[in-house]
Structure formats: C-alpha cells, structure tokens
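show me the folded form of this:
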Amino acid sequence: MLRVIRHGLHRAGRYLSFGCASPTDPASWAKLLGVLADSGANVLDVEHQRTGPKLHLDEVEVALQLETRGPNHCDEVLTRLRAEGYPLAFG
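Numbering: from 1, shown residues only. Predicted structure coming up:
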C-alpha cells in the first residue's frame, strides 16, 4: 500500500528524494530538520550512512524522502536547502 501511495505522490510531483552530507553533531541534524519543517515539507523517510569514500570523519550522508505540496514546492525546498549550504545529490 505504501508503495502505491508513494508512486501517486511521485506522479503528482509531490515526492522529493535526495541526499546530502551533514556534520554528525546533533545540532546540525536539528538544523536540517528545522529547515525542512520551516519549508513545510513532510519527512517520510530518513537513512544515514556514517562511512563512505566521499565523507569526512565528522560527516554523515543523509538520504531523505519528502512529501511536498507539488513541483513548485519541491523547487522551493531545494532552493532553501541550497541557500543554507547543503550540498544536494540526486540518484
């Protein structure tokens, strides 16, 4: 059922999936979630990796799946994250 819902969100332009590197400290994680909350995005899923060839010792790679209000809102969320200095990756 969840797969069907996410497929519908994606087709409607309301599903946003990306990765970004972030410092490992709790304040940085709270800041990232605060930016997303302030933008009105709904976090559906989070996955993080603490090791990887491109990560520094004090970084974590965070993969996020968000629900948005539509394509324009996706653009707004991404613009805001970039303005805050988050390097975004799309797979």
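
residue 22 bridge partners, please.
According to DSSP bridges, the partner residues bridging residue 22 are residue 60.

neighbours around it, how many?
Applying other C-beta atoms under 10 Å, we find 18 residues neighbouring residue 22. (Glycine included, C-beta is placed from N, CA and C.)

now do the one 5 residues further on
By the measure other C-beta under 10 Å, the count of residues near residue 27 is 8.

name the element it belongs to?
Assigning secondary structure by DSSP states H and E places residue 27 in helix 26-39.

then residue 79?
Secondary structure from DSSP H and E places residue 79 in helix 71-83.

which positions in that helix come out as buried?
73-74, 76-78, 81 (16 or more other C-beta atoms under 10 Å).

can you check stretch 25-34 too?
29, 32.

identify the bridge partners of the residue nearest the centre of the chain.
The chain has residue 64 as the residue nearest its centroid, 3.8 Å off, counting by C-alpha atoms, centre = their mean. Under the criterion DSSP bridges, residue 64 forms beta bridges with residue 18, residue 46.

hang on, it packs against residue 46?
Yes. Between residue 64 and residue 46 there is a contact under C-beta atoms under 8 Å: 5.7 Å.

coming back round to it: determine the set of other helices and strands touching the helix holding residue 79.
Helix 71-83 sits against strand 15-23, helix 26-39, strand 88-89, with contacts defined as 3 or more C-beta pairs under 8 Å, 6 or more residues apart in numbering; DSSP states H and E.
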